[in-house]
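# Provide a 3D model corresponding to the input given below.
(5 chains)
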Amino acid sequence: MRRLGMKRSEKAGLPPGTVVHVGRERTAKPTVSVISYDGEHLEERVLDTAEACLVFKGRPGVTWLNISGVHDTKLLEELGACYGIHPLVIEDIGNTEQRPKLEDYRDYLFIVLKMLYHDEEGQVVTEQLSLVVGPNFVISFHEQEKDVLEPVRTRLRNSQARIRGQGADYLAYSLMDAVVDHYFVILEHLGVDIEEVEESLVASPSTSELAAIHRLKRELIFLRKSVWPLREVISALERRESPLIKEGTAVYLRDVYDHTIQVIDAVESYRDIVSGMLDTYLSSISNRLNEVMKVLTIIATIFIPLTFLVGLYGMNFRFMPELGWRWGYPAVLTVMVVAAAGMVAYFRRRRWL
Amino acid sequence: MRRLGMKRSEKAGLPPGTVVHVGRERTAKPTVSVISYDGEHLEERVLDTAEACLVFKGRPGVTWLNISGVHDTKLLEELGACYGIHPLVIEDIGNTEQRPKLEDYRDYLFIVLKMLYHDEEGQVVTEQLSLVVGPNFVISFHEQEKDVLEPVRTRLRNSQARIRGQGADYLAYSLMDAVVDHYFVILEHLGVDIEEVEESLVASPSTSELAAIHRLKRELIFLRKSVWPLREVISALERRESPLIKEGTAVYLRDVYDHTIQVIDAVESYRDIVSGMLDTYLSSISNRLNEVMKVLTIIATIFIPLTFLVGLYGMNFRFMPELGWRWGYPAVLTVMVVAAAGMVAYFRRRRWL
Amino acid sequence: MRRLGMKRSEKAGLPPGTVVHVGRERTAKPTVSVISYDGEHLEERVLDTAEACLVFKGRPGVTWLNISGVHDTKLLEELGACYGIHPLVIEDIGNTEQRPKLEDYRDYLFIVLKMLYHDEEGQVVTEQLSLVVGPNFVISFHEQEKDVLEPVRTRLRNSQARIRGQGADYLAYSLMDAVVDHYFVILEHLGVDIEEVEESLVASPSTSELAAIHRLKRELIFLRKSVWPLREVISALERRESPLIKEGTAVYLRDVYDHTIQVIDAVESYRDIVSGMLDTYLSSISNRLNEVMKVLTIIATIFIPLTFLVGLYGMNFRFMPELGWRWGYPAVLTVMVVAAAGMVAYFRRRRWL
Amino acid sequence: MRRLGMKRSEKAGLPPGTVVHVGRERTAKPTVSVISYDGEHLEERVLDTAEACLVFKGRPGVTWLNISGVHDTKLLEELGACYGIHPLVIEDIGNTEQRPKLEDYRDYLFIVLKMLYHDEEGQVVTEQLSLVVGPNFVISFHEQEKDVLEPVRTRLRNSQARIRGQGADYLAYSLMDAVVDHYFVILEHLGVDIEEVEESLVASPSTSELAAIHRLKRELIFLRKSVWPLREVISALERRESPLIKEGTAVYLRDVYDHTIQVIDAVESYRDIVSGMLDTYLSSISNRLNEVMKVLTIIATIFIPLTFLVGLYGMNFRFMPELGWRWGYPAVLTVMVVAAAGMVAYFRRRRWL
Amino acid sequence: MRRLGMKRSEKAGLPPGTVVHVGRERTAKPTVSVISYDGEHLEERVLDTAEACLVFKGRPGVTWLNISGVHDTKLLEELGACYGIHPLVIEDIGNTEQRPKLEDYRDYLFIVLKMLYHDEEGQVVTEQLSLVVGPNFVISFHEQEKDVLEPVRTRLRNSQARIRGQGADYLAYSLMDAVVDHYFVILEHLGVDIEEVEESLVASPSTSELAAIHRLKRELIFLRKSVWPLREVISALERRESPLIKEGTAVYLRDVYDHTIQVIDAVESYRDIVSGMLDTYLSSISNRLNEVMKVLTIIATIFIPLTFLVGLYGMNFRFMPELGWRWGYPAVLTVMVVAAAGMVAYFRRRRWL
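The predicted structure follows:
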């Protein structure tokens, strides 16, 4: 949750359109790669940041410009100026705390998504993926070198793939689909985590399970925040009259839409399960307290009266006739055994034993 | 919850329209059966998977092609190609984790439902039933040989049945109706389970009841997830202008719609009841703790002071005049009886006894 | 909750329009009564079930045919055939587990309500009242001889009553109004029950109060399920263009609508109160536990140290100089009194006494 | 909550339009006062109930007829007949359990509000205020002599006041505004009560705080039920095309609308706070239990082992060499001090002391 | 929460349009400052309250009149009269308990926002900022000298800034943007507070954490109440046809809209986290009780039976053969060690140790 870079609040008061990087501090030089293709040809290049501008002007086919790293605000501004992107869009790209959204700027669509994946240590990493979708180009921005878009690149390299014959809108769809598909991977990991916590909850509930439950809860909240608005984004794309989205693509968008609904469904089910786990945890703590108390009560209830009895005959009165009786000691022993047995029988009847 | 087959997440990154079986691993060879009928004639055949294609082209009347087993992706693809079904539909049929939905592809409707029934061991089994409804045919896909559609077949075989004179839309309605009707069977079993858990909850609440409550809760969540979207599906069918749905069928669809509402109502009531059971469970645990504590307190409160008293006269001081008194011992006994009686009276007044 | 008759689930798989009685098993022969009236005349008869058909064909004025008992499916089917009622309607009439609804079949309206009243033992009985409202007739079906419609009959018999000059729609309104009016009776009984439980909850909370709370909760859930959909039914009637509802009746329907809203409001308030009672119950259990524990702690905390002290001087060491002191015993007694007083003072300060 | 007058349920079965007083029993004779005014003149009179009819027929300016007491059903009926008010409206006026609503009867609007004020003992009293708003008159009905409308009368008496130049719709607005304004007084009292309960909750939570919390909860539920529907009423008035509402009044209605929203906001905040208080209460009970248990545990844990030790050397075995040792007693004392100190140190480390 | 000035309730009964200051009592003389600018020129002045009227009549460019202090009701009324502002607007400006809203008065828009900032002691201060936006002027009213609008002033002074070339609607947008931007500062402080409470909750939960949780909860409720309606205000502005909002400004308004959505999202997440903290708190209290009870039970269960045993051989019966045995004492010691070891083993197996 701690962020090392600039905080959103430090941006307060700056004029609109001021491009400021908000998010985790990054130092790696941004990379700019371009894939330009049509049905027959495909050209792949890694660009110098300086020459990123205007690579696809006048090109036939579709150009996909991918920028990894949005902390270089100068680069963002240059790109914005060069491709005629509205300063507010550039500002949003630099601010990685956007929620998923869709904005229609006539000449291009601006789409923000959250890309989730596991890093090397198995932590869930979230990155903002911003897409600028024009008639014959897609510019994608994300925070780090790593992304979940590799399957799209692989498909592009295959000249037989359906994607090669389609336009920029289909490319944009493919990128969104890759992002949503990866949510299922995250979900599955979460599912496994939930099962593990459940099992150790049944075995021996401890504070660490409580912490795990709350961690799961937060991850679900986070996932939910990423997916709910995405649903609206895709739904808006699907029914949009923007000429940038061709009719044939709508059916694919409906497919991604279905997937986001499935993710939402799963998240909601997981939330129900996790909040059920909290009940289980609390009631198992109560149960244990009950168990402990029962043991204490049984022991105390059997021995406290007996202790009283032996104390009684430990008194030093001179005139205690029982003390002199021949069978006094065995009699007291018998009384005690009977009393203890009676107590045990009582507990049995009450089902405490 | 564990699935043995391919997981949804492994599909991440594949191009759209890639038909992959997602769900429990199956090995049985899929069977393809066809029932072709009109008012007078009815023909029933089990087909070789190879010849499944094009059985109803040009036939008069209605043809119902039923495929049991969606793990044979090649078969799915062939069928799709042969009947001109969109690759995304075929993909969805193969992926058994869809939620109920309706998609209109002009020439045909694509409907996904969840079919619930009890297997031999009494476990609730859920299968995905996908329907492709064309002008004069219905293709149904489900996962296993067993299904809940037998009553429809029986009715079809009766040449007097209303269904024989109706079109493919009425057949589709009948299939959906059979599925929804079976939900009531599931509901009734759930109702019996709930009553049983309630009774044992009153008799002697233990951790196993808690587990049962959570199991019921999950089954209800699951049932709810199957029925809620179905409601929208049928409602959409009912008011749809798709020429595939004839006007006379709308009134029957409204009837199924009512049934789904009844199922939803029952599910919601059950949920209320089950969450009330959790309260009962927790408060009965608290009650028992109270009871245990009361016993302990009564015993301890009576005997601890008495034990002190007998300890007092067990002291070895040389100069303790009481010890030499003739009536010291009886006096102490009397004091103790009075003290104990006073305590008991106090507990009576406080209603602890 | 247990039903003795056919269960809804046994109906699964039957073709639509199959009239099956679902509900509590009944053996009484159904009775059919008819009231036929206009401004001047009124004729009341009890019919043989056989002659029930076609009694009002061609009659002037309004005819009200009331059938008590829907378990005679043959009778239902005959009536359906004779008056041209859709088989699905007849099926719904026979199935007493409908939820309130309104269906417009052009020539007639089909309305389902829940009729609630107390039987001789003071139990709430729920019956389904189905109305078929045509241009000049109303056919009402309910399960038993007893109903809540008597006030309407009384009013009909009065030739000066407004109802005598109105059409079938006004009669239908009057029947619905009688049903809704009776909800207030049920509500008032519930209110009295709630107050009683509350009072005994304050006096001495026990498990029986918990059971009562849950019973109230369920009754409220049930009442709610009866009224919520009724609201929609009446609202739909009020704004419906069906020529069967005359304009002058709309203002009366709005009045019933207001009543259902009042019932809903009361039910919601009761639900809030009942769930507040659960909190009270739980916290009063906690309170009692606290009280018990305090008593135990006070007793134990005062006497355990003293018991230790007397044990100390009960030791048999040969060399314990205190034992030989002249004032040893009084000194120990003094120490004990001081210690006990200190403890009591401590508890006072902590407000435990 | 107990009502002394007729109960709503006793009305069940009466024909619509039967005017019956439902509400707290009243015996005071109703008073009828009339204020008739235009820009220049104002006439104020208290009428005999008999002559209440037709006072404003043909008068110029605006006439406000105020009836205090709705239990005189005959008066209500006479007024209704005389001014052509629909019997259902008269019935609703007599039944003081209406919820706030607006009904448009073309010639007049019928508005129901809840008037809340504190009586002499500081109890919140709720009265139903019914308004019949015509083109040049307003008839208001409420239950008792006392009302919150005095400020409107004061303003009317001032010939410079804006209200004197306005129509009946503005008068109706002023009355509603006076009612809503008084909600703020109620709210403020509630706020003070909440603060008081909170403070005593922090100081020493007891069962009386729990009762107070539930009382506050119910008052908030009640207030909410009065205000929520009022919001809709005023919103409907504001956008209504009824020619009875002049355009210039709409802006004032929007102002009242804002006030109701503010009241709703405050009520919702208070509800949040009150339900937070319940949490505080429950957890402070748990806290106290913890504290009590800690004291008990510390005392018991220190002294029980010591008591065992002194018991050990109180045994009467003939051969216990320690008993004869010269330093046996001091050694045991030392051991006990060390053990006790160890325990205390342990508790310190565990932060129990 | 306590207010020193006039309370809202004291306003009850005053005629509409009566300007009364509702809010914290202020004594500072209000200041009126004016900034008048166009692309080339900028003039900044602090006015005498008397000359505040009509400063921008006939001026070219945009005039921003900023009034700090709304408790001088006479000033408000003068301004209202002079600029033709509706009395209800002036009344609302003086009443600082408005909720955010937008009202369109044709010639001008009236916007109410809540301005939140930290004062010198780090307390969150909330002030009402009212904007009257006309074709070429903006009048802003807030309660104190201090505000969060300084960045806008700075930007205005820079003749190159975009804002200098825009109209009054852009100025209004800039002011709203500055307010919303400052919410992020508040949010960040809240976030830090939440983390601190969480940490101390894990370390050692005490009543002070509970208080902190409730404080956080209230602040979130308050923040939410400020932001939710603002969302609607800005959304209404964005799609409004009011000619006062130029088309070019809409895209900036959408940007602020996004920010408010982000704030709402963060608030909702914080609420989830805070209510999770309450669970943690309660269950950690339960946990501690469990721990305490376990210690008590272990100690008691080990020593109570042993104490009984030593008591047994402390009895003074004359005929107790064991007392004379040579190895009696060692035998008893052995038995006790074995019993204690058995208990410990039992606790180990039960995982209590």
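
# And the residue nearest to the spatial centre of chain A, which helix or strand is it part of?
The centre of chain A sits closest to residue A:219, judged by Cα atoms, centre = their mean, with a distance of 3.3 Å. Residue A:219 belongs to helix A:207-239 when assigned by DSSP states H and E.

# now for that helix, which elements pack on it?
Applying 3 or more Cβ pairs under 8 Å, 6 or more residues apart in numbering or on different chains; DSSP states H and E, one finds that helix A:207-239 makes contact with strand A:101-104, strand A:109-118, strand A:124-133, helix A:168-203, helix A:247-312, helix E:247-312. Just so you know, the C-beta spots here come from the backbone N, C-alpha and C atoms, and that holds for glycine as well.

# quick one: which of the ones you listed is nearest chain D?
Nearest to chain D, of all the helices and strands packed on helix A:207-239, is helix E:247-312, at 3.7 Å by Cβ to the nearest Cβ.

# re earlier: pull out the buried positions in the helix holding residue A:219.
A:209-210, A:212-214, A:216-217, A:219-231, A:233-238 (16 or more other Cβ atoms under 10 Å in any protein chain shown).

# and that helix with helix A:168-203, angle?
Interaxial angle, helix A:207-239 versus helix A:168-203 (axes from the mean of the first three to the mean of the last three Cα atoms, to 10 degrees): 160 degrees.

# With distance to chain D as new columns, can the helices and strands packed on helix A:207-239 be given to me in JSON lines?
Formatted as JSON lines, those follow (distance: least, Cβ to the nearest Cβ, whole Å):
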{"stretch": "strand A:101-104", "distance to chain D": "28"}
{"stretch": "strand A:109-118", "distance to chain D": "30"}
{"stretch": "strand A:124-133", "distance to chain D": "31"}
{"stretch": "helix A:168-203", "distance to chain D": "22"}
{"stretch": "helix A:247-312", "distance to chain D": "9"}
{"stretch": "helix E:247-312", "distance to chain D": "4"}
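
# if we can go back for a sec, got a pLDDT number for the residue nearest to the centre of chain A?
On pLDDT, residue A:219 comes in at 85.

# Am I right that it is in contact with residue A:124?
Yes: at 6.7 Å, residue A:219 counts as touching residue A:124 under the criterion of Cβ atoms under 8 Å.

# Just say helix, strand or coil for residue A:67.
On the three-state scheme (DSSP: H, G, I helix; E, B strand; the rest coil), residue A:67 is labelled strand.

# and it, how many neighbours?
Residue A:67: 23 surrounding residues under other Cβ atoms under 10 Å in any protein chain shown.

# I'd like to know the beta-bridge partner residues of it.
With DSSP bridges as the criterion, residue A:67 is bridged to residue A:32, residue A:141.

# where does the stretch 251-353 of chain A have low pLDDT?
A:353 (pLDDT under 70).

# can you rerun that using 90?
A:251, A:255, A:262, A:265-266, A:268-333, A:335-336, A:343-344, A:346-353 (pLDDT under 90).

# Now for the residue in the stretch 51-200 of chain A positioned nearest to chain E: which residues touch it?
Distances between the stretch 51-200 of chain A and chain E by Cβ to the nearest Cβ are smallest at residue A:88, namely 5.2 Å. Taking Cβ atoms under 8 Å, 6 or more residues apart in numbering or on different chains, we find residue A:88 in contact with A:16-17, E:251-252, E:255.
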